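Visitor: A predicted structure for the sequence below; I have some questions about it.
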Amino acid sequence: MPHELSKQYDPAAIEPRWAEFWLKERLFSAPTPAPGEPLRGVFTILLPPPNITGRLHMGHMLEHTQMDLYVRWQRMRGATALWVPGTDHASIATQMLLERQLASEGISRKQLGREKFIERAWKWRDEYGTAIISQMERIGDTVDWDRLYFTMDEPRSHAVREVFVRMWEDGLIYRGRYIVNWCPRCGTAISDLEVAHEDIQGKLYEIRYPLADGSGSITVATTRPETMLGDTAVAVNPNDERYRSMHGKMIRLPLMNREIPIILDELAQPEFGTGAVKVTPAHDPNDYQAGLRHKLPEIDVMDETARMNQNAGPYAGLDRFEARDRVVNDLRDLGLLVAIKDHTIPLGHCSRCKTVVEPRLSTQWFVAVNKTPKQGGPTMAERARDAVLGDKPAIRIVPDNNRTIYLNWMENLYDWCISRQLWWGHRVPAWHCADCHEITVERTDPTKCAHCGSAKIEQDTDVLDTWYSSGMLPFTVFGWPEKTRDLQLFYPTTLLITGFDILFFWMARMILMSCYCMADHKQDAEAKRSSGYADATNDTVPFRNVYIHALVRDADRQKMSKTKGNVIDPLEVNDRFGTDAVRFTLASMAAPGTDIAFSESRIEGYRAFANKIWNAARFLFMNIDKAQESGAWSLAEWGKSRGAGAPARVDAQSASGLPGFDATLLEDRWILSRFNRAAEDVNRALEEFRFHEAALIVYHFFWDEFCD
């Protein structure tokens, strides 16, 4: 029957149909090879799980293009290639979205209650939280949909609890008070990485603090005068001669009528402001450390909504910025405001809701990353550092400059705050006793205190940081803590492709968690050989290679943002130009370490390339049909005569031995040699993550040599 292709390439008529066919036929499910089954190699890659609140953006499109290209390439080479998809519960983002919905209905989360709120969150997730999965299906991502997970499904929840209990038993998880970044809008602690800093033009306030003995005063400089209500000292540098006569004296704190000491501490830098600084241990991380050094009281003057609390005296109930204005005015009336100067401030905002973050002393759960475990061995930070060290590291990071950045971050790593004051997420598996005030942490919900036997126990109200649970995915997606065949074969994964923006959010967390939790993981020799890692010495790492992809910017190289109005919707672009054209455009511009200036004019050029492929196929089919109609050649007979075991590589020698094909002509041998050279060059480029080179090799071979 003659082949019939329309004259015009129309991706809208082709791509959805084939994407649906691939999905229906489960073409990309990777069955677990049985023991003893011959393997040519194993390739495993995890999809960075998108938030259930998310939609595909251009960054996703680039990332998915590169991952899909790699996994298809590995399948072509005969490997058992597995691309594992999943979605993340996204505690802060999901809860913020649901609270907005509730507000539109005139109710609050607390009015609804925790249990009803969680029920609503699951309902929302079931109805709307898989939109990004549908978008991935639409663009033809060749993931193994049979292995689709959700970070709060039962297997992942079981694994998260097991890790928490093990780390608690190993002395690596503790509960304590520390200064955290607090978002008053989200009502939770957030990590340093979730704070977006922006330099703004602020003010530096110089305030005169009278000495308690009436002999004079000292002038301090601060950018946050409202926090002076919680001051417990004033610091001067011990080497600052200007204040030597004030060493050991007391100050009467303005507005609060409370005596506080002058302390000697290098917290005060002579070149900053007046050289004297107020010390507020409950509201500044540096002040907190100074407070520990000098055993100062910690007075918290704000509540969780950043309103002044009862410790703020007459300012109680005011919003922090209202309190600032009132404090400044009152100081002016008392003649204690010396000066207000312009000053550039690196102001931190919550990356989710954009609210100004408040440093706040709070009781939280922490992972002690620099502590030796009770069971012995290196610290978590040491394991994670060692994984990327050496000439042949267990983990290779590309581009290489990211390895230096990673190591610098790891060398200066603080204990990791893993608790969040939210309701949606993995609840901390710890119970507090009302009688002995001890904490019980167990694998199953306890009915009594493990220390005194009291039944008066209540579960901790916090949930775990999303990055704590997602940091376990390289092993929990394969059935850990059970010793499954999947875990044996597919762990460590082969490659991680991700963006620089989550280098420390996710990549570093996965290395920390995996190198600790998988310390006893050993692949057998057969599994190692089949995976291509016969010389591997570290089976604990989550992945062997990391590729940090570029940032997709607009045509003027500006970062895409809704505020600037320059965001490009990849699905809308796909509908107009076709997914293949968009993907090829991104691949052709994806040089390592170089951001992509994305423009529709480039897509138009590669849409023309897709059309060229279409026309070439039409030309071939047309001539095949003519040959078959004339009886000169039969595709069916050629296929039968070729039989099983025909050479995968097409060259002049092997092709000349195929029935119906004679490569004795110079031009045939030439094009086959060019084809094999192109294949070799593409393989080499992809091995070095040079996507742009691979794309251009394919483009020029097909257009300039094959078609010409």
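Guide: Perfect, I can see it now. Residues are numbered from 1 along each chain as shown.
Visitor: Only C-alpha atoms from now on, for both contacts and neighbour counts.
Guide: Noted.
Visitor: host element of Arg120?
Guide: Arg120 is part of helix 114-128 when elements are defined by DSSP states H and E.
Visitor: Beyond that helix, next helix or strand please.
Guide: helix 131-138.
Visitor: Quick one: distance of that next one to the chain centre.
Guide: Its chain's C-alpha centre and that of helix 131-138 lie 20 Å apart, by C-alpha atoms, centre = their mean, to the nearest Å.
Visitor: going forward can the numbers begin at 68, since that is how I track them
Guide: Fine by me, first position is 68 from now on; the one you just mentioned is helix 198-205.
Visitor: Residues in contact with whichever helix or strand comes after it: which ones?
Guide: For helix 198-205, the following helix or strand on the C-terminal side (DSSP H and E) is strand 216-217. With C-alpha atoms under 8 Å, 6 or more residues apart in numbering as the contact definition, strand 216-217 has outside contacts at Pro152, Gly153, Thr154, Asp155, His156, Arg223, Val544.
Visitor: got the contact list for the fifth one?
Guide: For His156, the contacting residues are Asn118, Ile119, Phe217, Thr218, Met219, Gly492, Thr533, taking C-alpha under 8 Å, 6+ apart as the criterion.
Visitor: Now go through the residues you listed and say which are in strands.
Guide: Counting by DSSP state E, the part of the contacts of His156 found in strands is Phe217.
Visitor: buried set for the helix holding Arg187?
Guide: For helix 181-195, the buried set under the neighbour-count rule, 16 or more other C-alpha atoms under 10 Å, comprises Phe184, Ile185, Ala188, Trp191, Arg192.
Visitor: How about stretch 135-154?
Guide: 135-142, 146-154.
Visitor: same deal with stretch 231-249?
Guide: Judged by neighbour count using 16+ other C-alpha under 10 Å, the buried positions of stretch 231-249 are 231-235, 238-240, 245-249.
Visitor: Which residues outside it are in contact with it?
Guide: So stretch 231-249 is in contact with 255-259, 262, 349-352, 355, 371, 424-436, 438, 440-442, 496, 508-510, going by C-alpha under 8 Å, 6+ apart.
Visitor: Of those residues, grab the buried ones for PyMOL.
Guide: Buried members of the contacts of stretch 231-249, defined by 16+ other C-alpha under 10 Å, are picked up in PyMOL with:
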select buried, resi 255+256+257+258+262+349+350+351+352+355+371+424+425+426+427+428+429+431+432+433+434+435+436+438+440+496+508+509
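Visitor: residue boundaries of the helices in the stretch 218-367 of the chain?
Guide: In the stretch 218-367 of the chain, the helices defined using DSSP state H, counting those that start in this stretch lie at 221-236, 352-361.
Visitor: Give me the average confidence score over the first one.
Guide: In this model, helix 221-236 has a mean pLDDT of 98.
Visitor: Over to the last one?
Guide: This predicted structure assigns helix 352-361 an average pLDDT of 93.
Visitor: Which positions within the helix or strand following that helix qualify as buried?
Guide: Using DSSP H and E, the helix or strand that follows helix 352-361 towards the C-terminus is helix 387-400. If you call a residue buried by 16+ other C-alpha under 10 Å, then helix 387-400 has these buried ones: Arg387, Ala390, Arg391, Arg393, Val394, Val395, Leu398.
Visitor: Show me the contact partners of helix 387-400.
Guide: Contact with helix 387-400 is made by Ile274, Arg291, Pro292, Glu293, Pro321, Leu322, Met369, Ala373, Arg374, Met375, Tyr382, Leu404, as judged by C-alpha under 8 Å, 6+ apart.
Visitor: let's go with 10 Å and repeat that
Guide: Identification of contacts with helix 387-400 by C-alpha atoms under 10 Å, 6 or more residues apart in numbering yields 272, 274-275, 291-296, 321-322, 368-370, 372-375, 379, 381-385, 401-407, 425.
Visitor: what's the most distant pair in the buried residues of stretch 231-249?
Guide: Using C-alpha to C-alpha, those span at most 28.1 Å, a distance reached by Arg233 and Trp249.
Visitor: sorry, back to before: of the contacts of strand 216-217, which is the nearest to Lys679?
Guide: Looking across the contacts of strand 216-217 and measuring by C-alpha to C-alpha, the closest to Lys679 is Pro152, at 32.8 Å.
Visitor: Pretty sure the closest one sits against Val210.
Guide: Yes - contact criterion C-alpha atoms under 10 Å: Pro152 and Val210 qualify, at 6.1 Å.
Visitor: Can you pull the residues that touch both of these two?
Guide: Ile112, Leu113, Leu114, Met203.
Visitor: how close does the residue nearest to the second one when sequence neighbours are not counted get to Phe571?
Guide: Distance criterion C-alpha to C-alpha, 6 or more residues apart in numbering; nearest residue to Leu113, sequence neighbours excluded, is Val151 at 4.9 Å. Computed with C-alpha to C-alpha, to the nearest Å, the distance linking Val151 and Phe571 is 21 Å.
Visitor: just to revisit the earlier point, can you check which of the helices of the stretch 218-367 of the chain gets nearest to Arg650?
Guide: Proximity to Arg650 (C-alpha to C-alpha) singles out helix 221-236 among these, at 32.2 Å.
Visitor: now the closest one, how far from the chain's geometric center?
Guide: 20 Å.
Visitor: Dump the C-alpha coordinates for it into PDB.
Guide: What follows is helix 221-236, C-alpha atoms only, in PDB (Å, rounded to 0.1, in the frame of the first residue of the first chain):
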ATOM      1  CA  GLU A 221       3.000   5.500  51.400                       C
ATOM      2  CA  PRO A 222       6.400   4.000  50.300                       C
ATOM      3  CA  ARG A 223       8.100   7.400  50.500                       C
ATOM      4  CA  SER A 224       6.400   8.300  53.800                       C
ATOM      5  CA  HIS A 225       7.600   5.000  55.300                       C
ATOM      6  CA  ALA A 226      11.200   5.700  54.100                       C
ATOM      7  CA  VAL A 227      11.200   9.300  55.400                       C
ATOM      8  CA  ARG A 228      10.200   8.100  58.800                       C
ATOM      9  CA  GLU A 229      12.800   5.300  58.800                       C
ATOM     10  CA  VAL A 230      15.500   7.800  58.000                       C
ATOM     11  CA  PHE A 231      14.400  10.200  60.700                       C
ATOM     12  CA  VAL A 232      14.400   7.500  63.300                       C
ATOM     13  CA  ARG A 233      17.800   6.200  62.300                       C
ATOM     14  CA  MET A 234      19.300   9.600  62.400                       C
ATOM     15  CA  TRP A 235      17.700  10.300  65.800                       C
ATOM     16  CA  GLU A 236      19.100   7.100  67.200                       C
END
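Visitor: if I pick the closest residue to Asp386 other than its chain neighbours, what's in contact with it?
Guide: Spatial nearest neighbour of Asp386, excluding adjacent residues (C-alpha to C-alpha, 6+ apart): Arg374 at 4.3 Å. By C-alpha under 10 Å, 6+ apart, the contact set of Arg374 is Pro251, Val368, Tyr382, Ala383, Gly384, Leu385, Asp386, Arg387, Phe388, Glu389, Ala390.
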